[in-house]
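J.: Can you look at this prediction? I've put the sequence above it.
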Amino acid sequence: MGILNWGFRANLKVHQVKDETKSIDLKTKNGGTSKFKNFIDNLEIIDPKKKLWLNPLLFNGSLQTLYYTSVDTSKKFLIYYGRELFTYEDGGICSLDWVIEPPKSELEFKKIYNETLPEGFPRLNKRSRYFTEDELAGIRKHDQESTKPLVVVLHGLGGGSHEPLIRNLAEDIGKKTNNEWDLVVINSRGCCRTKVTTDKLFTAIATGDIKEVLLEMRRRFPNRPIYAVGFSFGAIMLANFLGEFEKDPEHDNLIKAACLIGCAWDMVDSAYHLDNSWTGKYLLNPNLTKYLNKIIKNNFKELNNHDSTIFNEKNLIKGQQQTKTWQFDNVFTCHLAGFSNPMEYYREGSPVRRIKNIKTPTLAINSIDDPAVSVRLPTFEVANNPHIALVETDLGGHLGFVQSNGDYWCVEAVEEFFTNFEAKFQ
């Protein structure tokens, strides 16, 4: 990326079906219908005629990305979570972090934290605690009456509810809706201090993990609209899930609308892109690989007990020696997903293969100065699917879009898309 791509006033392009008559009709709350394309065109925050103003000190994709990955945001986005453990059909677990009201007393919060932390489980991130039994009974209670919208969030590679982008989203939606929406983060197997209890970890094609949680949400809250947003690797998983709609009728009515932020549409191209960009090669790749290895190391005993062919001392040492995510995937992930090498896994896991099958109204956002994922965006595929709108920016990096106040523009776009969609459509 040359200096001609530097700046802080980003240009926006919106890719969607060009012919309005081919856009999907959505039922409005006043009994009529409206085109999805018209709805997207009327969102003020993604108006291509206007410039997107970002932090002038973060004038390229690398700086935008590094800000997100390294700047201390512990004093911003002060979101509190209550944690619920969710058990999958295969015995594995994820953790569901629900946004809760700030405690009236930090001492009381710490008291409940100490009383509810399961024996043998790692300590949680700041402002997170497990629910009490009474709280769990309330959150798991089947509620036939509630129509309160629920946002389900999928985090980035090895991340979780502690990520600043997710906390920013929770704060923004809470303020804009007067806390009339709920938000829950699905922390994948092994992530965000969630224990691993089987030989399975999260993968790009582990769409069944998303499905099980969403089906449980639908069972608990049959009349609540559910919105879903994925960030980075979470966007890959969510896009793949949405693209399996035609194959599985149980998907119907699970998600009202979705957002995909920083999605690596082509995982093969993204692997090469990450390996060849300076930021990716020397900063992102080593740090991501180190974090992934940490998940293996922290859960090695359990993983080894379930599958010693993959999770053994030899591979544990080999994994620790790697500095690139594809090398880590070559040791562990591709074999867990049933492939002989990472490129086979990446080809199968690329959401671009499933764009044509997405039938959920979806807004995607990608920046072409992203140092982490492929910047060859699937504009042709999107233009042939009336259910998707892809916003392309020329500044913003990977999960960046940092504004002068430290807030993330993409979060504002997600909030406006979801709340306007809910206000307008059935």
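T.: Here it is on my side, so go on.
J.: Strands of the stretch 151-300 of the chain, residue ranges please.
T.: Under the criterion DSSP state E, counting those that start in this stretch, strands of the stretch 151-300 of the chain are mapped to 182-187, 226-231, 257-261.
J.: elements contacting the shortest one?
T.: Packed against strand 257-261 by the contact rule (3 or more CB pairs under 8 Å, 6 or more residues apart in numbering; DSSP states H and E) you find strand 226-231, helix 233-242, strand 362-367, helix 409-424. Glycine gets a C-beta too; all of them are placed from N, C-alpha and C.
J.: Pull the residues that contact that strand.
T.: Applying CB atoms under 8 Å, 6 or more residues apart in numbering, the contact partners of strand 257-261 are 165, 227-232, 235, 238-239, 242, 360-365, 399, 410, 413-414, 417-418, 421.
J.: Likewise for the first one?
T.: Contacting residues not belonging to strand 182-187 are listed as 81, 94-99, 148-155, 160-161, 166, 169-170, 173-174, 192, 194, 209-210, 213, 217 [CB under 8 Å, 6+ apart].
J.: go with 7 Å
T.: 94-99, 148, 150-155, 160-161, 166, 170, 173, 194, 213 (CB atoms under 7 Å, 6 or more residues apart in numbering).
J.: List the ones among those residues that fall in helices.
T.: In helices, defined here by DSSP state H, the members of the contacts of strand 182-187 are Ile166, Ala170, Ile173, Val213.
J.: So which of the residues you listed is the closest to Asp143?
T.: Nearest to Asp143 among these, counting by CB to CB, is Val213 at 16.7 Å.
J.: Tell me how many other residues crowd that closest one.
T.: 19 (other CB atoms under 10 Å).
J.: now it, nearest residue through space, not along the chain?
T.: In space, and not counting its chain neighbours, Val213 is closest to Ile186: 5.6 Å by CB to CB, 6 or more residues apart in numbering.
J.: returning to that earlier point: okay, the ones in helices among the contacts of strand 182-187 in JSON lines with pLDDT and distance to Lys76 next?
T.: Converted to JSON lines, the ones in helices among the contacts of strand 182-187 look like this (pLDDT from 0 to 100; distance: CB to CB, whole Å):
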{"residue": "Ile166", "pLDDT": "98", "distance to Lys76": "12"}
{"residue": "Ala170", "pLDDT": "98", "distance to Lys76": "12"}
{"residue": "Ile173", "pLDDT": "97", "distance to Lys76": "16"}
{"residue": "Val213", "pLDDT": "98", "distance to Lys76": "28"}
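J.: what's the closest of these to Glu89?
T.: Scanning the ones in helices among the contacts of strand 182-187 for proximity to Glu89, where the rule is CB to CB, the winner is Val213, at 11.5 Å.
J.: For Thr393, see how far away the closest one is.
T.: 30 Å (CB to CB, to the nearest Å).
J.: just Cys94 next, same as before
T.: In terms of CB to CB, Cys94 sits 31 Å off from Thr393.
J.: returning to what we had before: ok, what's across the strand from the residue nearest to Val213?
T.: Assessed by DSSP bridges, Ile186 has beta-bridge partners Leu96, Leu154.
J.: ok, how many other residues are close to it?
T.: With other CB under 10 Å as criterion, Ile186 counts 29.
J.: Isn't Glu381 up against Val352?
T.: Yes. Counting by CB atoms under 7 Å, Glu381 does reach Val352; the two are 6.3 Å apart.
J.: Comparing these two, which residue is more hemmed in?
T.: Between Glu381 and Val352, counted using other CB under 10 Å, Val352 has the larger neighbour count: 22 against 19.
J.: now, which of the ones in helices among the contacts of strand 182-187 sits nearest Leu288?
T.: Looking across those and measuring by CB to CB, the closest to Leu288 is Ile166, at 17.4 Å.
J.: Can you tell me which of the helices and strands packed on strand 257-261 is packed in deepest?
T.: Greatest average neighbour count among the helices and strands packed on strand 257-261 goes to helix 233-242 (a mean of 27), per mean count of other CB atoms under 10 Å.
J.: Using the three-state scheme, assign Tyr81.
T.: What DSSP: H, G, I helix; E, B strand; the rest coil gives for Tyr81 is strand.
J.: Count the neighbours of it for me.
T.: 28.
J.: Write down the beta-bridge partners of it, one by one.
T.: Val99, Ser128.
J.: and what of Leu52?
T.: Ala10.
J.: Report the contact partners of it.
T.: By CB under 7 Å, 6+ apart, the residues touching Leu52 are Ala10, Leu12, Thr393, Trp409.
J.: rerun that using 10 Å as the cut-off
T.: 8-12, 45-46, 367, 391, 393-396, 401, 403, 409-410, 413 (CB atoms under 10 Å, 6 or more residues apart in numbering).
J.: cool, Glu422 as well?
T.: Lys29, Thr147, Pro149, Thr177, Glu180, Trp181, Pro225, Tyr227, Lys256, Ala257.
J.: And those, which of them are buried?
T.: In the contacts of Glu422, burial by neighbour count holds for Pro149, Thr177, Trp181, Pro225, Tyr227, Lys256, Ala257, counting by 16 or more other CB atoms under 10 Å.
J.: of those residues, closest to Val331?
T.: Tyr227 (36.1 Å).
J.: Show me the beta-bridge partners of that closest one.
T.: Val151, Ala257.
J.: Roughly how far does it sit from Ala413?
T.: Taking CB to CB, one finds Tyr227 at 13 Å from Ala413.
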